[in-house]
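A.B. asks: give me the fold of what follows.
(2 chains)
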2 protein chains.
Amino acid sequence: MKPEILDCTLRDGGLVNRFFFSDELVRDLYQTNLEAGVDYMEFGYKASEKQFNRKDFGKWKFCREEDIRQVVGDNSSKMKISVMADVGRTEPSSILARKDSVIDMIRIATYSSTIPEALELLEDCHEKGYETSVNIMAVSSDTEAVIHEFLGKLCDSPADVIYLVDSFGAFYPEQIRNLSALYLGYAEKKGKRLGVHAHNNQQLAFANTIEAIRCGAGFADATCDGMGRGAGNCSMEMLVGYLKDKQLQELPILEFIEKHLIPMKEAGVRWGYELPYLLTGQGRVHPSRAIQFIQEGCKDIAGMFAQIAAGQ
Amino acid sequence: MKPEILDCTLRDGGLVNRFFFSDELVRDLYQTNLEAGVDYMEFGYKASEKQFNRKDFGKWKFCREEDIRQVVGDNSSKMKISVMADVGRTEPSSILARKDSVIDMIRIATYSSTIPEALELLEDCHEKGYETSVNIMAVSSDTEAVIHEFLGKLCDSPADVIYLVDSFGAFYPEQIRNLSALYLGYAEKKGKRLGVHAHNNQQLAFANTIEAIRCGAGFADATCDGMGRGAGNCSMEMLVGYLKDKQLQELPILEFIEKHLIPMKEAGVRWGYELPYLLTGQGRVHPSRAIQFIQEGCKDIAGMFAQIAAGQ
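C.D. replies: Numbers count the residues shown, from 1 in each chain, chains lettered A, B, ... in the order given. Predicted coordinates:
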C-alpha cells in the first residue's frame, strides 16, 4: 500500500541555506507537490523567536501562520501541511489552535534524552487539535533498551505517528528492517503508524526508505533532489518512480528541480553524497564534522577516517 | 560469510576514460588492493586488437600479458587477477594457456542473445585452465522465460560463477532478491556460485550489492569511489565498511581515492550519480543517452523524462 508521502524540502533543505528560499520557489514547490500528488508538505520549523533572531534566518525557520497563508491561502486542497517543532527550541504559545491555523500536523523532533519534554509538547499540540508525530533523532547512538523504553512511553501518548529517523545515515537496510519491526511492534498495538526519515551518508537514504515501506511504514519523508543537511535525504523523484502509484507524478518534481534546485546548486549551495559523509555515517557520528571538512576544502580523507576510527 | 571481493576499477572505470590510466595509478591500485584484502583485481578487457586500434585506447582495454606482468611480476600474492572478455570482441587466440599467464580468471560478458557464442568462449577458457564467470548483461530487458533458458544452459557449462548484472541500474532490492533466488536455484545444484555487479543509476548499487550478498552471492564487484560507466558501480569503500571483515581494510582504499581519483575528478573526468541516470535507470534504457545529455551540458531533465516515458 502506498504510504503517506511527506515533502520536507523546505524543512531539511533549509538546514543547508538557513531557510533563505525565495517566495517564488516556495510557491512553485507548493504547486509542484499538489501536482505530484504529495500527501503532506512541511514548510519548516516552528522555532522560537526568543531564541533565534529572525534576521539570521529565512522565514521558514519560524513558519508564522501569516507566512504560510501567503503561499497557500486557506489551503483548499487535499494536501496537508506540517511544521516541525524541535523540543526546547519551540514556544508552545506560538502554536495556534488548529481551527485557527492552516497547519494540519505538528511533527515533534526529540532525542531519546528529552522524551519527557517531547511528551509535554505533544500533549499541547494534541489538545490544540493537531495530528502529531514524534521523530526520535540519532537512534543509531541509542541502546536497544533505551529504544524499548521510549517506544513504550510514546505509544501510550496521543502521537499519531512514530518516526524512525536515521539522523547520521548510519543504518543498513537490515537494521532498518529490524528497527521497523521493533517500532511497529509497539505502534500497531496502539493504532499508531510508523514513519521513516533517512539520510544519504552511505547512499542508502532511498534504499532504507523503501525497505521501511516494505516493512509497513505508513509515512515516508522525501525531498526534491534529496535536498537536506549534509548528504541529504531520500529523493522524492526516486521514491515516486519506485512507488508507481497512480496518485503520484514524477514530472512536476523534475520540472521544479530543473527550475530551482539545479540553478541553486550551480550558484554554490551544496548538498548530497560526498565521501566525508560516508565516513561519518560509517562511524555513527554527527555529519557536522563532514560538513565542516567540505566547507573548508579539506582533502585528507584518510586522516579523517583514522580520526573517526580512533574515536576522536 | 564474506563473499569474494572483486575490484573492477580499471575495467568498468576504463569505460569512463578509454582506459587511459597512468602506470603509477595502476601500480598503486594493485598495492591498494593487496593492502585492502581484495580477492580479485580485474585489469581490464581482453579486446581484439583486430577490431580496436591500440592508439585509440589505453592498454587496459587489451590486457596484454606483458603489460599485466609489468605491474604484478609473477603476482606472488594470494590476490587473483581477472580480465573480462566481451563476446564477439575477443580473439580466443590472444588468451594464453593459464600456466603461461598471471591471469587466474576470465570473465565472459554476454547478452542473453549471444549465449551460444559465450559458451564457446567459456569452453575455450576452461580448457586453457582458467577460472571462469559468465556475466549476462542487461537482464532487466529480458523476460523471465529467457532468463530461465540461459540459466539452464549456463549451469550445464563449466562456468564457475554466474553473474547477476544490472547494466542499466534498473533493479530495486526486492528484484535483486527474487533474481538472486532464481539464479541460485540453478547455480547451487551444479556447484556454481552467484556473483553480483550493480550500477548506481538509482543510487542503489551498494544497496543491491549487499542485498545479493545477504541472498547468498559469493562474488561481489566494486570499484574505488564507484568509478564506472555513467552513474558508476558499487563503491569499494562502502562495501568494505559494511562487511566489517578482518581480512578487509578501508584505509588503503581511501588513500588511493585521495591520491588518484579526487584529482582525476577535479581534472574533469566524470562519473557517479546524476539525475539523468535516474531517468534511464527508471526507464530501463541504456545509460548512453544520459551520458550524452550530461556531456552536451543539456538542462532539460523534464523533457528527457517525457521522451523516455513515451518510449522515444
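A.B. asks: can you pull the contacts of the residue of chain A found nearest chain B?
C.D. replies: Relative to chain B, the nearest point of chain A is residue A:207 (3.4 Å; C-beta to the nearest C-beta). Quick note: C-beta positions are derived from backbone N, CA and C, even for glycine. Contact analysis of residue A:207 by C-beta atoms under 8 Å, 6 or more residues apart in numbering or on different chains lists A:173, B:173, B:203-204, B:206-207.
A.B. asks: if we go to 6 Å?
C.D. replies: Neighbouring residues of residue A:207 by C-beta atoms under 6 Å, 6 or more residues apart in numbering or on different chains: A:173, B:204, B:207.
A.B. asks: narrow the residues you listed to those in helices?
C.D. replies: Counting by DSSP state H, the part of those found in helices is A:173, B:207.
A.B. asks: make TSV from the contacts of residue A:207 and add distance to residue A:300 and pLDDT to it.
C.D. replies: Output for the contacts of residue A:207, formatted as TSV (distance: C-beta to C-beta, whole Å; pLDDT from 0 to 100):
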residue	distance to residue A:300	pLDDT
A:173	31	98
B:204	30	98
B:207	28	98
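A.B. asks: for the contacts of residue A:207, give me CSV that also has distance to residue A:110.
C.D. replies: Converted to CSV, the contacts of residue A:207 look like this (distance: C-beta to C-beta, whole Å):
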residue, distance to residue A:110
A:173, 25
B:204, 31
B:207, 28
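A.B. asks: now, which of the contacts of residue A:207 sits nearest residue A:269?
C.D. replies: residue B:204 (25.6 Å; C-beta to C-beta).
A.B. asks: which one is the closest one nearest to, not counting chain neighbours?
C.D. replies: residue A:207 (5.8 Å; C-beta to C-beta, 6 or more residues apart in numbering or on different chains).
A.B. asks: which ones are touching residue A:115?
C.D. replies: A:150, A:153.
A.B. asks: so which bits of the helix or strand containing residue A:120 are buried?
C.D. replies: If you go by DSSP states H and E, residue A:120 is part of helix A:115-127. Under the neighbour-count criterion of 16 or more other C-beta atoms under 10 Å in any protein chain shown, helix A:115-127 has A:115, A:118-119, A:121-122, A:124-126 buried.
A.B. asks: from the chain's centroid, how far away is that helix?
C.D. replies: For helix A:115-127, the separation from the chain centroid amounts to 19 Å (computed by C-alpha atoms, centre = their mean, to the nearest Å).
A.B. asks: kindly export the helix or strand containing residue A:240 (C-alpha atoms) in PDB.
C.D. replies: Using DSSP H and E, residue A:240 maps to helix A:236-243. Provided in PDB are the C-alpha atoms of helix A:236-243 (Å, rounded to 0.1, in the frame of the first residue of the first chain):
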ATOM      1  CA  MET A 236      11.300  12.400  -4.000                       C
ATOM      2  CA  GLU A 237      11.900  11.600  -7.600                       C
ATOM      3  CA  MET A 238      13.400   8.200  -6.700                       C
ATOM      4  CA  LEU A 239      10.600   7.400  -4.300                       C
ATOM      5  CA  VAL A 240       7.800   8.500  -6.700                       C
ATOM      6  CA  GLY A 241       9.400   6.500  -9.600                       C
ATOM      7  CA  TYR A 242       9.600   3.400  -7.300                       C
ATOM      8  CA  LEU A 243       6.000   3.500  -6.000                       C
END
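A.B. asks: what is the very next helix or strand once past that helix packed up against?
C.D. replies: Once the chain leaves helix A:236-243, the next helix or strand it forms, by DSSP H and E, is helix A:251-256. For helix A:251-256, the elements it packs on are helix A:23-36, helix B:301-309, judged by 3 or more C-beta pairs under 6 Å, 6 or more residues apart in numbering or on different chains; DSSP states H and E.
A.B. asks: now do the same for helix A:251-256: mean pLDDT, whole number.
C.D. replies: On average, the pLDDT along helix A:251-256 is 98.
A.B. asks: how far does the helix or strand just after it sit from its chain's centre?
C.D. replies: Remark: after helix A:251-256, the chain's next helix or strand is helix A:262-266, criterion DSSP H and E. Going by C-alpha atoms, centre = their mean, the spacing between the C-alpha centre of helix A:262-266 and its chain's C-alpha centre is 22 Å.
A.B. asks: around chain B, which positions in chain A sit nearby?
C.D. replies: Neighbours of chain B within chain A, by C-beta under 6 Å from any C-beta of the partner chain: A:202-204, A:206-207, A:238, A:241, A:251, A:254-255, A:258, A:282, A:301-302, A:305.
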